[in-house]
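Visitor: could you work out the structure for the sequence below:
(one chain, ligands or ions: 2)
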Amino acid sequence: MSAEILVELRRCCPPTTFLTTPELIAPYLVDERALFHGRALAVALPETTAAVSELMRFCYTREIPMVPQGGNTGYCGGATPDASGVAMIIALSRLNRIREIDPSSFTLTAEAGLTLADVQQAAARHQLLFPLSMGSEASCQIGGNLSTNAGGLAVLRYGMARDLVLGLEVVLPNGEIWDGLTALRKDNTGYDIKQLFLGAEGTLGVITAAVLKLYPASTQRETAWLAAVDLSAACALLGLARRLLNDCVTSFEYLSLAALELVLTQVPETRCPFAQVYAHHVLLEVSVSGESSDLRRGLLKLFEVAEREQLVLDAVLTETLAQRADLWRLREKIPAAERAAGGSIKHDVSVAIAGVAELVDRASRAVLAEFPAVRFSLYGHLGDGNLHFNILAPATVDALAFRARNAERISMLVHTQAAELNGSFSAEHGVGQLKRDLLAATKSPVALMLMRQIKQTLDPKGLMNPGKVL
Ligand code: MLT
Ligand code: ZN
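Guide: Residues are numbered from 1 along each chain as shown. Ligands and ions are numbered 1, 2, ... in the order given. Okay, the predicted model is just below:
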């Protein structure tokens, strides 16, 4: 970084810390999966919204590109700078205060750099629930969750990140602060501006704080593991569970046998819930707040009806918190197990729930027709119609070389099938730099035009997170 800019930066933005030495900035230059390696002018660590604003005003005036970064846990390279070395990384980790909790309104105002787990725990201290939940919650940050409209493990019941936001505070590219920190649930006064920044992956401005929706903490929860007859039966089971259990299904996660076996072989101290081998597994969780319901009885009824209707082959219900943790570990450790097995070609496709079985059938056939020896690791949020249709290299070949040679073609085959069923190529992981070309190739011309016009209006100099999304 040129010494003069640094001197000027420190003069104009005195409260902000800047990292410039290669060792200190190195972790900010690579994404979680090490798919992208970038360079940067410096990493700024502002501690207040005013400091973010000063910094961005400085960058805007000098036309310095800005790359916002939260916990850096994304899968699409959305927070990694390009190779030019001219961008300023704005890391939000020190902007990490709970500004307010209002139990009577069921709201919490959080700054962007709080980890998701911090937000959950702050709510829990008031017997309230912030329901966004995912494997990376100890390190991902709420600002990143909102900027990428994260999904996770309870979307079925509570929605995606954008559904959990009432208000936002955003610093615009020129440093202006938009204070949209309203806690109103009803406000029908024109365009809903916050929606532009939710899921924009930092391409329109920097989210610095949010008013989040809270829910009563669950007072009863039951967790079950079921073996479904096939994928269609698993989907039918979801409908049955929602109807029989008064729509209190919180999570409905699918694991193929192959994904489960990866965990059992790669992750220590894991155990299959069943003695018998089954091809299709579901982790089902139901929860309620209040005292009136008997969830356990409801679940036993579900097992009985589902068996009678030949949807499930086996089922277990947890008795202790430790058993519950063991089941969730099987699901949450799949990505780590894939990594331990040499990595996978990841997909994050979604279709209407009624189309999931057809998608898997079609995409598996399309991939196997060209790559007969690949191994599948299918799992995901079946309750949301969202599958991680991941593919591992044949056991006999070098995984890295196989992915380098074939990932693009394999992803094309999977995404084509999802598109033919009116699905999405990115249900919850976003676009970043990894899927930017796909966005350009698949969105309608009108949608692309609208997106570009919004970008042009909010970021006329094209300084915000260049090379991402659009
Ligand atoms: C998950 O559902 O576990 C993640 O979204 C996918 C992944 O980590 O690969
Ligand atoms: Zn997922």
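Visitor: rest of the way, CA atoms for contacts and neighbours
Guide: Noted.
Visitor: which one of the residues in the chain is closest to ligand 1?
Guide: Proximity to ligand 1, evaluated over the chain using CA to the nearest ligand atom, is greatest for Pro335 at 4.7 Å.
Visitor: which strand or helix spans that residue?
Guide: helix 334-340 (DSSP states H and E).
Visitor: may I see the buried residues of that helix?
Guide: 334-335, 337-338 (16 or more other CA atoms under 10 Å).
Visitor: look up phi and psi at Thr189.
Guide: Torsion angles at Thr189 (phi, psi; degrees, to the nearest 10) stand at phi -120, psi 70.
Visitor: again with Ala354
Guide: phi -60, psi -20.
Visitor: so who does Leu255 touch?
Guide: By CA atoms under 8 Å, 6 or more residues apart in numbering, the contact set of Leu255 is 280-283, 331, 378-380.
Visitor: for ligand 1, tell me which of those residues show up nearby.
Guide: Gly380 (CA under 6 Å from any ligand atom).
Visitor: just the contacts of Leu255: which are in helices?
Guide: Per DSSP state H, helices hold the following members of the contacts of Leu255: Arg331.
Visitor: tell me which of the contacts of Leu255 is nearest to Arg62?
Guide: Gly380 (44.3 Å; CA to CA).
Visitor: where does the closest residue to that closest one other than its chain neighbours land in three-state SS?
Guide: Once flanking residues are discounted, Gly380 sits nearest to Leu387: 4.4 Å by CA to CA, 6 or more residues apart in numbering. Using DSSP: H, G, I helix; E, B strand; the rest coil, the structure places Leu387 in strand.
Visitor: if Leu387 is in a bridge, with which residues?
Guide: When bridges are called by DSSP bridges, Leu387 pairs up with Val349, Gly380.
Visitor: going forward, count from 25.
Guide: Okay, using 25 as the starting number, the last item reads as Leu411.
Visitor: which elements pack onto the helix or strand encompassing Ala134?
Guide: In the assignment (DSSP H and E), Ala134 maps to strand 131-135. On a contact count with 3 or more CA pairs under 8 Å, 6 or more residues apart in numbering; DSSP states H and E, strand 131-135 meets strand 122-126, helix 166-171, strand 230-237.
Visitor: please identify the most buried of those.
Guide: helix 166-171 (a mean of 30; mean count of other CA atoms under 10 Å).
Visitor: just the mean pLDDT for it, thanks.
Guide: Mean pLDDT, helix 166-171: 98.
Visitor: ok, is it in contact with ligand 1 or not?
Guide: No - Helix 166-171 does not reach ligand 1 (CA under 6 Å from any ligand atom); its nearest approach is 12.2 Å.
Visitor: just to revisit the earlier point, can you check the pLDDT for the residue of the chain closest to ligand 1?
Guide: 95.
Visitor: please apply the same query to Leu337.
Guide: At Leu337, pLDDT is 98.
Visitor: show me where pLDDT drops low in the protein?
Guide: Across the chain, the ranges flagged by pLDDT under 70 are 25.
Visitor: can you do 90?
Guide: 25-31, 34-39, 57, 270, 314-318 (pLDDT under 90).
Visitor: residues of it that sit close to ligand 1?
Guide: 356, 359, 404.
Visitor: for the stretch 75-224 of the chain, which segments count as strands?
Guide: If DSSP state E, counting those that start in this stretch is used as the criterion, the strands of the stretch 75-224 of the chain fall at 90-93, 112-115, 122-126, 131-135, 152-153, 189-195, 201-204.
Visitor: for the stretch 375-494 of the chain, which segments count as strands?
Guide: 399-405, 410-416.
Visitor: those strands into TSV, with extra columns for mean neighbour count?
Guide: Formatted as TSV, the strands of the stretch 375-494 of the chain follow (neighbours: other CA atoms under 10 Å):
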stretch	mean neighbour count
strand 399-405	23
strand 410-416	23
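Visitor: to Ala299, which of those lies closest?
Guide: Ala299 lies closest to strand 399-405 among the strands of the stretch 375-494 of the chain, at 20.6 Å (CA to CA).
Visitor: quick check: angle from that closest one to strand 410-416?
Guide: 160 degrees (axes from the mean of the first three to the mean of the last three CA atoms, to 10 degrees).
Visitor: and the contacts of strand 399-405?
Guide: Outside strand 399-405, the residues that touch it by CA under 8 Å, 6+ apart are 176-177, 275-280, 282-283, 410-419.
Visitor: what do you get if the cut-off is 7 Å, keeping everything else the same?
Guide: Contacts of strand 399-405 with the rest of the structure, by CA atoms under 7 Å, 6 or more residues apart in numbering, involve 177, 276-280, 282-283, 410-418.
Visitor: what of stretch 184-191?
Guide: Residues contacting stretch 184-191 (CA under 7 Å, 6+ apart): 156, 169-170, 173-175, 204-209, 218, 222, 234-237.
Visitor: tabulate the CA atom coordinates of stretch 257-269 in CSV.
Guide: Output of stretch 257-269 as CSV, limited to C-alpha atoms (Å, rounded to 0.1, in the frame of the first residue of the first chain):
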residue,chain,number,x,y,z
ALA,A,257,-41.8,-40.8,0.6
ALA,A,258,-39.6,-38.4,2.5
CYS,A,259,-41.4,-35.5,0.9
ALA,A,260,-44.8,-37.0,1.6
LEU,A,261,-43.6,-37.5,5.2
LEU,A,262,-42.9,-33.8,5.5
GLY,A,263,-46.5,-32.9,4.5
LEU,A,264,-47.9,-35.5,6.9
ALA,A,265,-45.7,-34.2,9.7
ARG,A,266,-46.8,-30.6,9.1
ARG,A,267,-50.4,-31.6,9.1
LEU,A,268,-50.3,-34.0,12.1
LEU,A,269,-48.1,-31.8,14.3
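Visitor: pull out the buried residues from that stretch.
Guide: 257-262, 264-265, 268-269.
Visitor: return the subset of these lying in helices.
Guide: 257-262, 264-265, 268.
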